[in-house]
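>>> missing the sequence, but the structure's below:
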């Protein structure tokens, strides 16, 4: 798969008032074809955007990374804070085994080398939501390095042509989450909630192999699916379990990389694409107007659709990294290095974890394609919606209709209806049983495809009627009897003659 | 006050206009005088006053730890009665126990007949008050408490000698265990990679007993050893002919008093005459240990003190213009000069541009120092014998003429390396100086070989027969107790 898109950006908007969100051509220019637009042809010079990502995934575990307090979303403020989380003097960190396993699982799923010895460090800075005045992280030797993640994009706006890309994973490190601070400007105070302080995070660093918002979004979406499949993180962005910061720069082909900016405050995958694209455009505009790009941190404003400089980052921070003296090096074993007398409960065995990894999304998709003869893009759509694959497989089990046709009904009718009404698959008023029932009628040619759509519309009402009942009610049966058909046709012709 | 609303009385309690006990007493008193209303079936006067007392503790200014350190809990679980908390240098930084918020600690030997008998009064009017000597530090309070018979054992901490130093000056046994043997959970950290809880007692046997009740793995402290620890009894060593005692020549440090040098030599002869092998050894990197310690210690201090921002506990400044100004004011107000000085130094060493040259370098030197000991022990030496301090205790007035940093640098030189290497070490009171003050000698042992170390120390203790302190106060106290007992038996 091609690294980076090789495609180039063109300024496809007009010079003018220059609104905050250039509505230039989006992903179309950015694809694997790699076709450069020669400088002379359109009179516009090409730019190469470079996008890297830093992703923080909250580990799905019962307790925090270094203490026994509970991990829970939306609990009453400061109700899940142990003495260690509050940084009371004399308290010491104790590593949570489940968090280590989650990181190893994730590292293996992303084709990383798992470091059998990794170290913990302190990263110092003062902030109200960081009680100890430092964060425990892995700066020198993280738990996993040098992996990769493959993801797919559609080349055009239809779902018909997908291309696979790969982004390199630089490393995965274990670190503490911070608490939350809320600024109350009216009362000039800051409210601090330490429930989240100390929760385990996996920081996944993706190399700058991406070139546009769509690629970044697709990569993160795939990572999200991987994490959810492994169960190492629930990765729900809305609940802060997956946070993405983007590093963006642009440069001319053949020249060194440009100055990069960091974009934060991105709250959804959709906004990620927007933020990245906006920042790329902004940098290009700035440079073409003779300006320079500052190495700064910018926040994405979702209402305005633009990035703005973040006021509270003054100058470069020196984090004064220091080894964490209270945690010995983290030693992991594999089948070969595991000492004979060691209790399996006392160690983390990389091979043991590897053997128990579930099927990753890419494998699941391949299996769907092979088993059911559906197209790759269908398998993407099925996996992309929580519970949809299961729904599909249940329908297939209960109907004689070919899976290839079933998938069309599910993606075109069921899914669009769910989206229209903001329902999840679990909340669908039409169960797999009902849909299978309906498709069977269609398959047996008892109703036409048009009639089936009508029945489906009725089924959405969730009144508890079966497809057969609806068909009988609305008299939608296909008429097979030739004599009956003759009579109807005759009646129509007679009717016409009267006019 | 009783007519106030919940909100109002709450504010009054917080601001100290009324104490919980006062308020409780007011309520109880009114309950008594309105007894005719028959509203209460039970008045829990005792429990209410107890709860008021607890409330008072909570309202009191200053941080009171809501949890027990593992070592404290272990003692309590085994039935120990804890008499109180002892004085020290602030945050364990210092070698005099003179820089704490509660004032300096006085060495009980200042009031001993032995010292007073030897001191020359400068003038008739001068009282003994100005002549008192320091305990050494930083765990001076604990050493003084044990020395003056007010308790049978005390806990201290030892990062650069903070248990052994005051033990030497106060004439008690001070044990620094191997790093990782005793849990540090609940010990406010100074240098996490060197700190250990220290044990102070009046004899070596007692130190072994206390050690037995404290040592072993603690799941709350990831730096404690995993192996099971078995408490031991100290054998009564009679034959030292199989013992090899090492005398590190570098411990003949500049500033070592001739008295102590002579005593050290005498001790070496004692072993030799008893049949032990006594040889001179070399720990060549000893001279770098102080400067190495300063880099590593201040760096860790800067890190460990970062948590004191006044938000979650402890002193918080009234400055509230911004988070930054709150932090800055709180920390300036809450830390003394010594602590602030170390924080600034430490942050300097941890800066990106300095890290390699200072911190990493110091770590490398530390390994060299530790390796010196490994080599010597590997060559057949069992125990090292060194002085503990450069001189006997100095008078307070003289001690404060130099600043804390200078004093610490001077006084730590003989004790510091054992912390660098994580080795066990013990001060054994040996003899009285010309001024009538205690002088101790130090034994340093192999990692986790406390039994051997203490066995040798116990033998030595038996040989030297260090004199008991003759304190007027204690004599008087004993007499009173005796008299009381006498009268009681007649009633």
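On my side now, so go ahead. Note that this is a predicted model, so its numbers are computed, not measured.

>>> can you tell me which helices and strands the helix or strand hosting residue A:363 packs against?
Element membership for residue A:363, per DSSP states H and E: helix A:361-372. When contacts are defined as 3 or more CB pairs under 8 Å, 6 or more residues apart in numbering or on different chains; DSSP states H and E, helix A:361-372 packs onto helix A:213-230, helix A:376-384, helix A:388-398, helix A:403-409. For every residue, glycine as well, the C-beta is placed using N, CA and C.

>>> between those helices, which one is nearest to chain B?
Judged by CB to the nearest CB, the one of the helices and strands packed on helix A:361-372 that comes nearest to chain B is helix A:213-230, at 26.6 Å.

>>> give me phi/psi at residue A:332?
phi -110, psi 150 (degrees, to the nearest 10).

>>> look up how far chain B lies from it.
According to CB to the nearest CB, to the nearest Å, residue A:332 and chain B sit 16 Å apart.

>>> wait, that residue sits on residue A:114?
Yes. Between residue A:332 and residue A:114 there is a contact under CB atoms under 8 Å: 6.4 Å.

>>> in contact with whichever residue of the stretch 101-250 of chain A sits closest to chain B, which residues?
Chain B sits closest to residue A:133 of the stretch 101-250 of chain A, with a gap of 2.5 Å, by CB to the nearest CB. By CB atoms under 8 Å, 6 or more residues apart in numbering or on different chains, the residues touching residue A:133 are A:87, A:124, A:125, A:126, B:303, B:305, B:306, B:307, B:309.

>>> hmm, residue B:306 and the fourth one touching each other?
Right, residue A:126. Yes. Using CB under 8 Å, residue A:126 makes contact with residue B:306 at a distance of 7.1 Å.

>>> who has more neighbours, those two?
residue B:306 (24 against 14; other CB atoms under 10 Å in any protein chain shown).

>>> quick one: the closest residue to that one other than its chain neighbours from residue A:186, how far?
Excluding the flanking residues, the one nearest residue B:306 by CB to CB, 6 or more residues apart in numbering or on different chains is residue A:133, at 2.5 Å. For residue A:133, the distance to residue A:186 equals 28 Å [CB to CB, to the nearest Å].

>>> residue B:358 now?
For residue B:358, the distance to residue A:186 - CB to CB - is 46 Å.

>>> ok, residue B:439 next?
The value you get for residue B:439 to residue A:186, if CB to CB is used, is 66 Å.

>>> pick out whichever of the two has more residues nearby.
With neighbours defined as other CB under 10 Å, residue B:439 and residue A:186 compare such that residue B:439 has more, 27 against 6.

>>> paired strands for the helix or strand that contains that one, with orientation please.
Element membership for residue B:439, per DSSP H and E: strand B:438-444. The strands beside strand B:438-444 in its sheet (DSSP bridges) come out as strand B:383-387 (antiparallel), strand B:425-432 (antiparallel).

>>> so for it, mean pLDDT?
The average pLDDT within strand B:438-444 is 98.

>>> ok, and what's touching the following helix or strand past it?
Next helix or strand after strand B:438-444 toward the C-terminus (DSSP H and E): helix B:450-464. With CB under 8 Å, 6+ apart as the test, helix B:450-464 has contacts from B:173, B:175, B:177-178, B:181, B:203-205, B:207-208, B:211, B:215, B:232, B:234-237, B:240, B:243, B:267, B:270-271, B:274, B:382-383, B:424-426, B:428-431, B:441, B:443-446.

>>> let's go with 7 Å and repeat that
B:177-178, B:203-205, B:207-208, B:211, B:232, B:234-235, B:237, B:240, B:243, B:270, B:382-383, B:424, B:426, B:428, B:430-431, B:443, B:445 (CB atoms under 7 Å, 6 or more residues apart in numbering or on different chains).

>>> and stretch B:278-287, how far apart are its ends?
End-to-end distance for stretch B:278-287, by CA to CA, to the nearest Å: 23 Å.

>>> tell me how far it lies from the chain's centre.
Averaged C-alpha coordinates place stretch B:278-287 at 27 Å from its chain's average position (CA atoms, centre = their mean, to the nearest Å).
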